[in-house]
Structure formats: C-alpha cells, structure tokens
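Colleague: Predicted model and sequence below, questions to follow.
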Amino acid sequence: MQDAIIVTYRIETPGDPERVAAKIASDQSTGTFVALPGETEEVKARVAARVIALRPLEPVAEPGFGRDHPAFATGSRFNRAEADIAFPVEAVGTDLAALMTIAIGGVWSIRELSGIRVLGIRLPASFAGAYPGPQFGIAGSRRLTGVEGRPLVGTIVKPALGLRPHETAAMVKELVEAGVDFIKDDEKLMSPAYSSLEDRVKAIMPVILDHEQKTGKKVMYAFGISAADPDTMMRNHDIVAEAGGNAAVINIASVGLGGLTFLRKRSKLVLHAHRNGWDILTRHAALGFDFAAWEPFWRLSGIDQFQINGIRVKYWEPDESFVRSFKALQQPIFSPDDRPLPVVGSGQWGGQAPDTYAATGGSTDLLYLCGGGVVSHPGGPAAGVRAVRQAWEAAVAGIDLGIYATDHPDLARAIEKFADGKHA
C-alpha cells in the first residue's frame, strides 16, 4: 500500500497476537461490533486498515498493564508480536490530530491487550507538503549562533524559579562574557508574577545585544513562551521577537499539536522543544511510545531544536534510549532540511563528550546543554565553557580526557569537580 500510513505496534496479549493485530486494524478503521448498513466490501477495500506484517516475539510472564490483569492469576503466558498496520491516507487524511486519534488514540482501550507500545511510524509522500517542518533546524541554528565545526555549547538559567529579572540578567551577562553559544530559560519558567516574560525580556535582551555590538557574536537566548492559550503564546512570541530575540522554549506536551502548529505558522523564532511529560508516555517498556514514533508529530509541526537527554543522565533514561532518540532525529522524514538540532542535556559536563561523540557516530551536529556543568565550574562560568569545549576537542581528536587535561587546566579542574557524578 503505497499511499498508506504504516504504524508498527508491539502487541502483548494472553491470546493470539495475530487475531489482536487484526482487531486493531478493524477497530481503528471500519470495524464495529455488529454489521451496519452501508458497511460494504467496497468501503472496506477503500479505507480499511490492514495488517501487512507480523513478527512473533518471545512471550513474557507478567503483563504490561500490571498484575491485576485477570489473566495473570491463571498463570497465563503473555504472547507478543510486532505488527505493521497500514492505514490508507484516504481514510485518515494528512491531519496529525486525526492520525493520532485513529492510529494511536483508541488502541489502548482494546480489551484483549495486556500491553501495547507504538514503535514506529512511516508517512507517505502526501504528508510532505502538509506541514512546514523546522524553519531553522540544524543549519539555521548554526547560522544564527555563528558556530561551525563543533557542537553548540549551551547552559540553563538556574535556579529555575526564584530569580528576578535583574538577577537573571546579571547571570546572563556573566555567561555571554564566558563565551557560551546558547542560554535558555528553564522549562518551568514562563511568566510568573515575580519574573514576567515581558520584564525578563527587557532585562536580558540589552545584555545580549550589547555583547553582540561589542564582539559580533549574538548568543542565542531561548525564552519560555509556552501558554495554554495560543493567542497568549503568540503575544509572548512577539515580545521576544520585537526585542531582538531569536529563540523560544516550547513545552510541547503542554501546548499540544494545535498550539505548536498555530505558533509555527507565524513564528520568527527558533523553536526549542522541551519534552517534559514525555516520560509518562515512554518509561514503561511495554506501554506507550518509542521516541521514533512520537517525534515526527512535533518535527512536522515545526520544532527546530529537540531536547533528548544524553549519556549518563541524572534521571532514569538509559544511554541506549538516548542513542535511539538521537538516531531518530538524524533520519530525514522527507528531506535533510526537516531535521531539528538534537539537544543533549541532563547532568552533562565535558566528561560525557567522548562517549556522546562515539555513540552518535561521530556527530557534532548537536547542542550540548550543561547547567551545573558550566556554571558550577570551580573557575567560574567562563572556565566551565572552556572546559566543555576542550572536552569536545579531545573527543573529536580521539585523545583521552585525562591526557588532554594535562595541558588544559580548565578541563583538569572540571574532571576533579565533576568526575564522581555527584554534580547531578
């Protein structure tokens, strides 16, 4: 089926996975529990979803939905398979909300399932012109920051909550003078009374623009503009753009596909996606989504930079999951221009650079985002930025960090401070 959306599911059931896969295809397209008038074979042939491949997997002893599943008490085994199900575009259209509703939204309610995870999604060419995709992406992020041939080095304003605008601006001044490429608001900071977005922009942008005037380098600052009301989010966007800003943090799971699409159509800013809430959808290995099945919705809707954690993070996500996320973003959906810049973060300092470089296949097309790994360096933020750059220099050159640190004192002090992992 050439003009079809193909979704890959990992099915788990105490019954027959082949039968359950067929039920998913039926229930999510033309099927009902009784025959209906007008439900002809011609209609089914045109718009019905179909199972096009089934790959059996080893069964498991415990159900993904938990031990209170009725079949667990009977000692049943839980059979698994990967199923590719094709949904005709004629039935779904190219609307992403319709795709989420039809191919994903109703699947979890099927009684026979004891677990279900969406592993991947392949979209036909008819989607290529339906959504704008990234406006800036990798190339635009590099152009706006003037960084080529190495990762962008970024940091986050911490503490996330509590700093007033003039206090934040003082920290930003120190960071831009340190030579950082990118700074962002923490995702928890949007427009609280003590630090409204408007006041924060008024305090920070003169620092950014003055530094640009003196040095020619414009540090990218991503302000948190997320809001439940798209009109409010658009007004927030305009506050940043009119002050000379060029980036914004978007909490994508909070604003939703509709909010992001509304913003992207009108945006002049680099849209930096924070995926807070993503862990709800993916942390249980038998349930939810793989990142490769979830990120295309946001990428097509216009995200330019995408946070995906990193190596040896401070949270739950294993390194292998980060690597899969990075590789998913490297793969074009329709063209190389639809790739957002991967943002590597969460407890990062220069020490993870060699493993990150190796795990990503020798890529430097990324934003390396360090909070404490920059600002908590014993020599101050400037030394922190230099230490991260030195770590990446060593990684790309294939030189052991300890050896490189012998004549790079900023890196040596970073290793002494952060190598035990307690900074996270």
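Modeller: That came in fine, so what should we check first?

Colleague: Do a quick rundown of the helices in the stretch 51-200 of the chain.
Modeller: 89-92, 96-99, 137-145, 165-177, 197-215 (DSSP state H, counting those that start in this stretch).

Colleague: same thing with the stretch 301-424 of the chain?
Modeller: For the stretch 301-424 of the chain, the helices defined by DSSP H, counting those that start in this stretch cover 319-330, 353-359, 372-375, 381-397, 401-404, 409-418.

Colleague: quick one: contacts of the second one?
Modeller: What it means is helix 353-359. Contacts of helix 353-359 with the rest of the structure, by C-beta atoms under 8 Å, 6 or more residues apart in numbering, involve 310-312, 319, 322-323, 326, 344, 363-364, 366, 368, 388, 391-392, 394-396, 401. The C-beta positions use only the backbone N, C-alpha and C, and glycine is treated the same way.

Colleague: Now list the buried members of these.
Modeller: Buried subset of these (neighbour count, 16 or more other C-beta atoms under 10 Å): 310-312, 319, 322-323, 326, 344, 364, 366, 368, 388, 391-392, 394-396, 401.

Colleague: so where's the stretch 301-424 of the chain shaky on pLDDT?
Modeller: The model of the stretch 301-424 of the chain has pLDDT under 70 over residues 421-424.

Colleague: typed the wrong thing, it's the stretch 1-150 of the chain
Modeller: Within the stretch 1-150 of the chain, the ranges that satisfy pLDDT under 70 run 1-2, 31-45.

Colleague: how does it look with 80?
Modeller: 1-2, 30-46 (pLDDT under 80).

Colleague: Strands along this protein, start to end?
Modeller: Using DSSP state E, the strands of the chain run over 4-13, 50-60, 78-88, 115-122, 152-156, 182-184, 220-224, 247-251, 270-274, 287-289, 305-307, 341-344, 367-369.

Colleague: what's the distance between the first one and the middle of its chain?
Modeller: What that stands for is strand 4-13. Relative to the centre of its chain, strand 4-13 is centred 22 Å away, using C-alpha atoms, centre = their mean, to the nearest Å.

Colleague: Test my guess that residue 149 contacts residue 364.
Modeller: Yes: here residue 149 reaches residue 364: they are 6.9 Å apart, a contact under C-beta atoms under 8 Å.

Colleague: Indicate which one of the helices of the stretch 301-424 of the chain is closest to residue 223.
Modeller: Of all those, it is helix 372-375 that lies closest to residue 223, at 18.4 Å by C-beta to C-beta.

Colleague: what packs against the closest one?
Modeller: In terms of contacts (3 or more C-beta pairs under 8 Å, 6 or more residues apart in numbering; DSSP states H and E), helix 372-375 is packed against strand 152-156, helix 165-177, helix 381-397.

Colleague: Give me the residues contacting it.
Modeller: Helix 372-375 is touched from outside by 153, 155, 158, 171, 175, 178, 180, 347-350, 381, 384-385, 388, 414, 418, 423-424, with contacts defined as C-beta under 8 Å, 6+ apart.

Colleague: Apply 6 Å and report the result again.
Modeller: The list of residues contacting helix 372-375 from outside it, by C-beta atoms under 6 Å, 6 or more residues apart in numbering, reads 155, 348, 349, 381, 384, 385, 423.

Colleague: The spatially closest residue to residue 186 that is not a sequence neighbour and residue 315: what is the separation?
Modeller: Among residues not flanking residue 186 along the chain, residue 160 sits closest, at 3.5 Å (C-beta to C-beta, 6 or more residues apart in numbering). Residue 160 is 15 Å from residue 315, where distance means C-beta to C-beta, to the nearest Å.

Colleague: The two: who's more crowded?
Modeller: Neighbour count, other C-beta atoms under 10 Å: between residue 160 and residue 315, residue 160 has more, with 14 against 10.

Colleague: Could you report the pLDDT at the more buried one?
Modeller: On the pLDDT scale, residue 160 is placed at 77.

Colleague: Look up phi and psi at it.
Modeller: Main-chain torsions, residue 160, degrees, to the nearest 10: phi -60, psi -40.

Colleague: burial of the closest residue to residue 368 other than its chain neighbours, as a residue count?
Modeller: Of all residues not flanking residue 368 in the chain, residue 151 sits nearest, at 4.4 Å (C-beta to C-beta, 6+ apart). A count of nearby residues for residue 151, using other C-beta under 10 Å, gives 26.

Colleague: looking at it, residue 151 is touching residue 364, isn't it?
Modeller: Yes: at 5.1 Å, residue 151 and residue 364 qualify as touching, with contact defined as C-beta atoms under 6 Å.

Colleague: Next up, the contacts around residue 367.
Modeller: Residue 367 neighbours (C-beta under 6 Å, 6+ apart): 152, 154, 182, 341, 343.

Colleague: Likewise for residue 391?
Modeller: So residue 391 contacts 350, 353, 411 (C-beta under 6 Å, 6+ apart).

Colleague: can you list the domain ranges for this structure.
Modeller: 4-127, 137-418 (automatic domain parsing).

Colleague: Just say which of the ones you listed is most tucked in.
Modeller: Highest mean neighbour count among those (mean count of other C-beta atoms under 10 Å): domain 137-418, with a mean of 19.

Colleague: Can you give me the distance of the closest residue to residue 30 other than its chain neighbours to residue 91?
Modeller: In space, and not counting its chain neighbours, residue 30 is closest to residue 48: 4.5 Å by C-beta to C-beta, 6+ apart. As judged by C-beta to C-beta, residue 48 and residue 91 stand 8 Å apart.

Colleague: which residues do the two both contact?
Modeller: Here residue 48 and residue 91 share no contacting residue, scored by C-beta under 6 Å, 6+ apart.

Colleague: Can you tell me the closest non-neighbouring residue to residue 136?
Modeller: Leaving aside its chain neighbours, residue 136 sits nearest to residue 304 (4.4 Å; criterion: C-beta to C-beta, 6+ apart).

Colleague: Let me see the contact set for that neighbour.
Modeller: 134, 136, 137, 270, 271, 340.
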